[in-house]
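Enquirer: Any chance you could fold what I've pasted below:
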Amino acid sequence: VKFATIPESIDLQSAQLLEIGKSLGLKGGIWQGTQAEHLWSSIQTGIWGTTPIGCKLGVRLTATLDTIATLDRETANTAKGVIHLNSGIGACALGDAKTHCPPAQSIASIWGLYIRFFKAPVEIKQQLDVWGYRGNSVPLMQQIKQQFDPADILNPRRCF
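Expert: Residues are numbered from 1 along each chain as shown. Below you'll find the model as predicted:
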């Protein structure tokens, strides 16, 4: 968790969060200054590493912790992710495409989330709905695709 407000507020929030974590049996620490900046930049850049699958997520704020816990369980603790608690928008890196992509999509559909696969091997992308949740926009997207690709040459039988 990253706090960035008034220093006194940061100290109080950090202490409270550490106590909550301790009561749940978790370990915690406080990073400040360059150490904190290095931590957050390494999280942002290190999440992708050499993972074959990269996803963007949209999560209801009330489902953030459940999403992380379920994704962690379903991927045998191999997924890496970041979800912003203010917006519910995040990113996720999955290791094994064949094993982890279908569970990630089913989690998304069950909880009404969206997940968009932007980095994946071609053979995996062909089996997935890479764009994620589209709500009631499917008819409009079909109409636009028909206008620009009437012969259905581009990505036939995919997306919409």
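Enquirer: switch to C-alpha atoms for all contacts and neighbour counts from now on
Expert: Noted.
Enquirer: For Val59, list the residues it contacts.
Expert: 67, 83, 88-90, 113-114 (Cα atoms under 8 Å, 6 or more residues apart in numbering).
Enquirer: Any buried residues in the strand or helix carrying Met141, and which?
Expert: According to DSSP states H and E, Met141 maps onto helix 138-148. For helix 138-148, burial by neighbour count (16 or more other Cα atoms under 10 Å) applies to Lys145.
Enquirer: if we can go back for a sec, sort out which of the contacts of Val59 are in strands and list them.
Expert: Among the contacts of Val59, the residues falling in strands (DSSP state E) are 83, 89-90, 114.
Enquirer: For this protein, give me the ranges with low pLDDT.
Expert: 43-50, 96-112, 128-138, 156-160 (pLDDT under 70).
Enquirer: Just name the closest of the contacts of Val59 to Gln32, please.
Expert: Ile83 (20.9 Å; Cα to Cα).
Enquirer: quick one, what contacts that closest one?
Expert: Ile83 is in contact with 57, 59, 64, 89-91, counting by Cα under 8 Å, 6+ apart.
Enquirer: Pick out the most distant pair among the residues you listed.
Expert: Farthest pair in the contacts of Ile83, by Cα to Cα: Thr64 and Ala91, 12.2 Å.
Enquirer: Could you point out which of the contacts of Ile83 is nearest to Asp72?
Expert: Checking those against Asp72 by Cα to Cα gives Thr64 as the nearest, at 12.2 Å.
Enquirer: Domain boundaries for this structure, per the record?
Expert: 49-128, 136-160 (automatic domain parsing).
Enquirer: Right, I'll call it a day here.
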